[in-house]
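Q: can't give you the sequence, but here's the structure:
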Ligand SMILES: Nc1ncnc2c1ncn2[C@@H]1O[C@H](COP(=O)(O)OP(=O)(O)O)[C@@H](O)[C@H]1O
Ligand SMILES: [Mg+2]
């Protein structure tokens, strides 16, 4: 049973993919255990192909586990209907990817408001004001009417950050959010995420290859043969400084 204080609980989560051609099942996740209280910041690390994106997709309700339990806010995702899952993805989860997928024909403000269109038609005044306020906060207050093509890569990623936050999700799932940014811009993005974590108690689950970003999170979980193991803060910073 999930404890009440945990926001995200995974118990024995497994996931296999059928290999094209051979038809054989390749097991990627082999029993993931994870418990994340609200307000935590967690880095997920591991080599390419170990299952990081697969795990984020399962936590975010984009894909289903083969077995095991995914319990978010005390509710089992497996029990949700497709409609309920869609609503969960829209209102409980903030997705932030390496490729931000902004709509090129829409302004910065319109892009930030895209999640508000899914279930509500027109964004209400409060949501529009919140989007504008968040854009201000990430330094884009004077870019509201720009198109994505008129922004730098770092600015586009900040629009994607605001879009992920605009409906006030319970947690952010970020998949290599600084992967395509130069070091300075990446550091700024990391600071913004952590500032949201501290000031709003926004829970962060961040997949990253960056040792710097991982070390800024409260906890680091590492993939090890399809399972997750906790890396102690000391061991982690030692790894970080050695590489
Ligand atoms: N839809 C799919 N069909 C078959 N194999 C997949 C599929 N999605 C992912 N995989 C395989 O699962 C493994 C883990 O993928 P992924 O979670 O994207 O890794 P990571 O994000 O850690 O780099 C990879 O080896 C990949 O080839
Ligand atoms: Mg990935």
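A: The structure has been received and is ready for your questions. Predicted, not measured: the structure shown is a model, and the values here were computed from it. Ligands and ions are numbered 1, 2, ... in the order given.

Q: Please name the residues that touch residue 24.
A: Applying C-beta atoms under 8 Å, 6 or more residues apart in numbering, we find residue 24 in contact with residue 18. For the C-beta atoms, the positions are set from N, CA and C on the backbone; glycine is no exception.

Q: wait, residue 142
A: Not one residue lies near residue 142 by C-beta under 8 Å, 6+ apart.

Q: Pull up the gap between it and residue 136, please.
A: Using C-beta to C-beta, to the nearest Å, one gets 9 Å for the distance from residue 142 to residue 136.

Q: From ligand 2, how far out is the residue nearest to residue 70 when sequence neighbours are not counted?
A: Among residues not flanking residue 70 along the chain, residue 77 sits closest, at 4.4 Å (C-beta to C-beta, 6 or more residues apart in numbering). Between residue 77 and ligand 2 the distance is 20 Å, computed by C-beta to the ion, to the nearest Å.

Q: which stretches of the chain form strands?
A: Taking DSSP state E to define them, one finds strands in the chain at 6-18, 25-37, 41-45, 67-72, 75-76, 93-97, 171-175, 203-207, 219-224, 227-231.

Q: show me where pLDDT drops low in the protein?
A: Low-confidence segments of the chain (pLDDT under 70): 1-4, 120, 233-243.

Q: Just give me the residue right at the centre of it.
A: For the chain, residue 173 is the residue whose C-alpha lies nearest the centre (C-alpha atoms, centre = their mean; 1.2 Å).

Q: So it sits against residue 94, correct?
A: Yes - taking contacts as C-beta atoms under 8 Å, residue 173 lies within contact range of residue 94: 7.1 Å.

Q: What are the buried residues along the longest helix seen in the chain?
A: Under DSSP state H, the helix in the chain containing the largest number of residues is helix 183-200. For helix 183-200, a neighbour-count test (16 or more other C-beta atoms under 10 Å) marks 185, 186, 187, 188, 189, 190, 192, 193, 194, 196, 197 as buried.

Q: in this structure, what residue is nearest ligand 2?
A: Nearest to ligand 2 in the chain, going by C-beta to the ion, is residue 53, at a distance of 3.2 Å.

Q: Can you name the residues that contact that residue?
A: Residues counted as contacts of residue 53 (C-beta under 8 Å, 6+ apart) are 175, 207.

Q: Identify the residue nearest residue 127 in space, chain neighbours excluded?
A: Nearest one to residue 127, counting by C-beta to C-beta, 6+ apart, is residue 116 at 4.8 Å.
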